[in-house]
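Engineer: Coordinates for the following, if possible.
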Amino acid sequence: MHDDRSLVEARLKRVLEERIRPAVYPESVPLEVAVWHAPGEPVPVAEGLAGTPEPIEVGARWGAPWGTSWFRVTGTVPQEWAGKTVEALLDLGFDENMPGFQCEGLVYRPDGTPVKGLNPRNQWVRIGAPVAGGEEVRLYVEAASNPVVLDYHPFVPTQLGDKETAGSEPQYTLTRMDLAVLDENVWQLVLDLEVVGELMAELPVDSARRWDLLRAVEKTLDAVDLQDVNGTAERARSQLTAVLSTPAVPSAHRISAIGHAHIDSAWLWPLRETVRKVARTTSNMTALLEDEPDFIFAMSQAQQWAWVKEHRPEVWARVKKAVADGRFVPAGGMWVESDTNMPGSEAMARQFVHGKRFFLDEFGIENEEAWLPDTFGFAAGLPQIIKAAGSKWLLTQKISWSQTNKFPHHTFRWEGIDGTRIFTHFPPVDTYNCSMQGREIAHAARNFKDKGVARHSLAPTGWGDGGGGTTREMVAKAARLRDLEGSATVAWETPKEFFEKAEAEYREPPVWVGELYLELHRATLTSQAKTKQGNRRSEHLLREAELWAATAAVRAGFPYPYEDLDRIWKTVLLHQFHDILPGSSIAWVHREARKTYEGLAAELNGIIEAAQRALAGEGTRELVFNSAPHTRDGVLAGGAQTPAVLGETALATRVGGGHVLENGLLRVEIDGRGLVVSAYDIQADRETIAPGRAANLLQLHPDFPNMWDAWDVDEFYRNTVTDLTDAEEVVADGNTVRIVRSFGASRVTQLLSLAPGERRLLIDTEVDWHETEKFLKLAFPLDVHAERYASETQFGHFHRPTHTNTSWEAAKFEACNHRFVHLEEPGWGVAVVNDSTYGHDVTRTVRTDGDRGTTTTVRVSLLRAPRFPDPETDQGVHRFRHALVPGAAIGDAVREGWRINLPERRVTGGQEVAPLVGVDRDAVVVTAVKLADDGSGDVVVRFHEAHGGRARATLTVGFAFDAVEAVDLLERPLADVGEVTREGDQLALRLRPFELVTLRFGRS
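Structural biologist: The predicted structure is shown next:
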């Protein structure tokens, strides 16, 4: 027969769009609308309902950026509609192509009961099914006029990202406010044709099934009277019954659909708006669960659940009921969907502690999966943390965004630095906003890389952010795809049900060892430097606060600030969300973050100072409190005493210009340009700096990525570089060398100093930064031949190659470290440590003249200046501290990294303070000393092996205890632990490389 496929497909497209879809609502009448614009920030529901609205007409402009408008809509259902299904259609000015990135609304009844959210693809409110006719309709809409920051021409700098600069111009046009009759036959016909048409388009042209579907579509369109769609819709549907009833083949791919709404806790909107986004979405989803008995919805991020509980108690009641029914499922077991590259060891652990504990306390539910669909890569230390929290699975989708290499698996075991393996799934649908379109379902089946050994994958289904979650249309399409020939099968299942099935069918999946590096969004390791500094300093202040408060509680009866520490931890964890800490949110978010961190620092310093005063007692003796996990200047870790007196540092004039710093261990030469041309390890008789090169070299690159300004740095940035070698001042200032440079509109002041008795060159850098689309690096070209280097991650370190043999290595041209980067030849190494930076790159070259040795260059990323989404990113004054540590073994790198982040505190008092616990091996690092979260007064100590080898150590306990047990991160007893043997007040420890252990001591 003749090939008329294109003709039928074109006919389907036009008839569906121009005749059938418009007939879904065949009759409508306008509603009366009035509006009250709330002054300033959002108001409580009762206040919004009590506002005095003024009339507004459809077509009128409304909504200043970030404003809140309360619409009152009223009307009467026509008597002639009796027996029909009636809905209110409330279009606030939506663009259906932008679900989640524009205005939104939450509908209330006059008594304040929430009904459902309004979103671009979810504009209806059910009035009655059927109606009697004559019903009075009165609804209120809390409408948020959030501006469109990411528009059709993306990444254009805009002032809309902060209410202080956004202006007052109305953002939206009120488009439709009607009562309308819903013709359910036509609505069902639309979905039938969408499913059949979308499936048809994904099948091979020579497939018999495709032609069966084509012929059925043709018969359906023939059965539709285009002048009476509503009268012929039921007849038309009958033409599709047979093709929609043909079951899938036994080998069909199986998709577990999970209702989902990935809501960024902040991004192109502030935190306060996320509170309302969550309320709208949860209102939508609880309503949909009531209407659809097979539907299941999962929501992660305990913080967002807590917001609903605190701010929207009327919505919370509905959520709790749906959870009790087993269909609204807590997921992920984390406080937020955090970044996992930059959070420190304890912070990453506390994400799980606070997330899992919330769901346990509220619902008695324990999550076994980590749920991180949108996080920008995964640190190699994470698997051990997941396991230590009592979880065993991981889901993410983001790695599919990698630009260079396609990840080889969708289901696999991920092995971390200590050997822990976590069963992991990447949904092959390649989105966490699946809408049940045929192309998505077909892509999942085709794309699945584990065919032949596995058949299950997962599809997070629903519009995220402010899109409102899963729609009734998605549920209806999933029902048609449950068992349909030519398609993967679809069933609504919980995350647990999916993982149990996937793990059962795939007993021996492949293993991926090491980090899950996202080959994209590398600049998030640098953007918004003050947010990153606030995070790092908060993490270390929390360590100090817990350590000294616990010590003072045990030794001096100091009241342990349980509630304050709990609240502060949750605030820090919130700001580790994967668009806040990475620096990819609007200006408003980062402005508030800076203020929040300042407040937390003041509060934590108050706790620390009060505890230390309680410990030091009265007296005039100067005591140094050492919060670091290693003895420092004679002061024991976790103790306080008079420090040892160290030697002196000499500063001399350098021949040829500049200065020389020397302390008997290191001799550092700084030339007239303020560059370090020599860092000589006197004991090792070895130079650190590569011949003919200079360290402490600031380098400036142009930085205009192809997309995603705050997120990305593209490799071509390296093609152009300016070495900042001109100095206005290179002067001695006591035992410090001060260097001042100016470039562009910016100015840098550096202080270089050499501590007595230490192999550590301190570099304090202050940058008054006023560049645009530039990238500032600090370079250290080192005379070290190393094929790999170590960078710190959670509870250990991870090695990366210095070469680019393969595309996988070449793609890692910007990577993450915590407190140190370390590289070495056998017997001698160098560390670069920092107090607040994360991004870095390491490259190697072979010198072609002279000694033909290898130069390995470590470059620290200091500052960027992208213009989207914050057009003023990082403008202003920044302060950084780094140290170059020649002759450093990995243990030295660990120790110096802690030291630079935990400066000593000096307190006047009358008595020294002995540590609560001490360890006799530097390889075993104590990361937390605290009182148990349950208020029992038990002491909790967490430690890990930090050098990457096996360790035997003795843990000495400085207080009376009658019981000790190994516990998980939530401080619950464990059976499967390493060896711990007690002898009096000492415990003999044996640890595997990077092994993490938490002990709980019952005080006697």
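
Engineer: The spatially most central residue of the chain: what's it in contact with?
Structural biologist: With distances taken as Cα atoms, centre = their mean, H578 lies nearest the centre of the chain, 2.2 Å away. Neighbouring residues of H578 by Cβ atoms under 8 Å, 6 or more residues apart in numbering: 264, 336-339, 372, 374-376. Bear in mind the C-beta positions are built from the backbone N, C-alpha and C, glycine included.

Engineer: and the two most separated of those residues?
Structural biologist: Pairwise distances across these peak at 13.9 Å for V336 and F376 (criterion: Cβ to Cβ).

Engineer: surely V45 meets D111?
Structural biologist: No. If you go by Cβ atoms under 8 Å, V45 and D111 don't touch, sitting 10.2 Å apart.

Engineer: Show me which of those two is the more surrounded one.
Structural biologist: Shown here are V45 and D111; by other Cβ atoms under 10 Å, V45 has more neighbours (21 against 7).

Engineer: pLDDT score assigned to the more buried one?
Structural biologist: Per-residue confidence (pLDDT) for V45: 95.

Engineer: tell me the mean pLDDT for stretch 509-521?
Structural biologist: So the average pLDDT for stretch 509-521 ends up being 98.

Engineer: scratch that, stretch 931-940
Structural biologist: 98.

Engineer: In that stretch, which residues are buried?
Structural biologist: 931-933, 938-940 (16 or more other Cβ atoms under 10 Å).

Engineer: Out of those residues, give me the two with the largest separation.
Structural biologist: D933 and V939 (11.9 Å).

Engineer: what about V860, which SS state?
Structural biologist: Classification of V860 using DSSP: H, G, I helix; E, B strand; the rest coil returns strand.

Engineer: burial measure for the closest residue to A324 other than its chain neighbours, as a count.
Structural biologist: Closest residue to A324 apart from its sequence neighbours, by Cβ to Cβ, 6 or more residues apart in numbering: F363 at 7.8 Å. F363: 16 surrounding residues under other Cβ under 10 Å.

Engineer: List the contacts of F363.
Structural biologist: Applying Cβ under 8 Å, 6+ apart to F363 gives the contacts 320, 323-324, 330.

Engineer: I'd like to know which of those are part of strands.
Structural biologist: Using DSSP state E, the members of the contacts of F363 that fall in strands are P330.

Engineer: Highest neighbour count among the contacts of F363?
Structural biologist: Highest neighbour count within the contacts of F363, by other Cβ under 10 Å: P330, with 25 neighbours.

Engineer: From Y140, how far off is the residue nearest to that one when sequence neighbours are not counted?
Structural biologist: Nearest residue to P330 in three dimensions, chain neighbours excluded: F359, at 4.3 Å (Cβ to Cβ, 6+ apart). Distance from F359 to Y140, counting by Cβ to Cβ, to the nearest Å: 32 Å.

Engineer: Could you do D723 as well?
Structural biologist: 62 Å.

Engineer: between the two, who's got more neighbours?
Structural biologist: Counted by other Cβ under 10 Å, D723 and Y140 do not tie: Y140 has more neighbours, with 24 against 13.

Engineer: who's in contact with the more buried one?
Structural biologist: 48-49, 70-73, 107-110.

Engineer: and with 10 Å instead?
Structural biologist: 36, 45, 48-49, 51, 53, 70-74, 105-110, 112, 115 (Cβ atoms under 10 Å, 6 or more residues apart in numbering).

Engineer: And the pLDDT at it?
Structural biologist: Per-residue confidence at Y140 stands at 98 (pLDDT).

Engineer: Leaving out chain neighbours, which residue sits closest to it?
Structural biologist: Nearest to Y140 is Y108, by Cβ to Cβ, 6+ apart, at 4.6 Å.
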